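[1] prediction below, plus the sequence it came from.
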Amino acid sequence: MRERHRDYELMFIISPLRASEEDINATITRVHQAIVAAGGAVSDTDHSPPWGRRKFAYPIREYAEGEASRRAFNEGYYVLCHFRLPASRVPDVERMLKLNDAIIRYLLTLVETRGQATPAAVSVAARADVATGVDEDVDEDVGDEDTEDDGV
């Protein structure tokens, strides 16, 4: 039986110690190779603005390569990647992400496309409703309490 492929989104942060252009490209290539080796296909990778080098909201303590104690990082290099992968091979990719010293944090999420509008389509529809003055959540009977005859 053929295994089901699913769409995934991966956000990972590269250590500022590995923030040279060569190291960033090497890390991204290593992640792509791990996905392809697991039987997946990378469809898109984005590290242009608003991604790229950014400050964190709070320091992240992580081991740096060759150091005995954890170091506090205040910034990192963000990369967003979309790919298709068999569901049973996700642990292989996560294992590579955990063992990669250049990656501080990652978030791997399943992208649900079944019967749902894409976020871009939803935001365009919401902007169109605002522009035309249509608001589905407003109840038109609100505020009519003052017009009722209480018999007083």
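    That came through fine.

[2] in the lengthiest strand in the chain, what counts as buried?
    Looking across the chain with DSSP state E, the single longest strand is strand 70-86. In terms of neighbour count (16 or more other Cβ atoms under 10 Å), strand 70-86 has its buried residues at 73, 76-81, 83, 85. (Each C-beta comes from the backbone N, C-alpha and C, glycine too.)

[3] closest to residue 4 among these?
    Here the nearest of those to residue 4, counting by Cβ to Cβ, is residue 85; it sits at 10.2 Å.

[4] quick one: residues contacting the closest one.
    5-6, 8, 35, 38-41, 93 (Cβ atoms under 8 Å, 6 or more residues apart in numbering).

[5] with these in mind, which one is nearest to residue 15?
    Closest to residue 15, out of all of those and judged by Cβ to Cβ, is residue 93, at 19.0 Å.

[6] what is the neighbour count of the closest one?
    22 (other Cβ atoms under 10 Å).

[7] going along the chain, name the helices of this structure.
    Taking DSSP state H as the test, the helices found in the chain are 21-37, 90-99, 119-132.

[8] those: lowest mean pLDDT?
    Mean pLDDT values for the helices of the chain show the minimum at helix 119-132, a mean of 48.

[9] looks like residue 75 contacts residue 55 (just checking).
    Yes. Taking contacts as Cβ atoms under 8 Å, residue 75 lies within contact range of residue 55: 4.8 Å.

[10] any shared contact partners between the two?
    Counting by Cβ under 8 Å, 6+ apart, residue 75 and residue 55 have no shared contacts at all.
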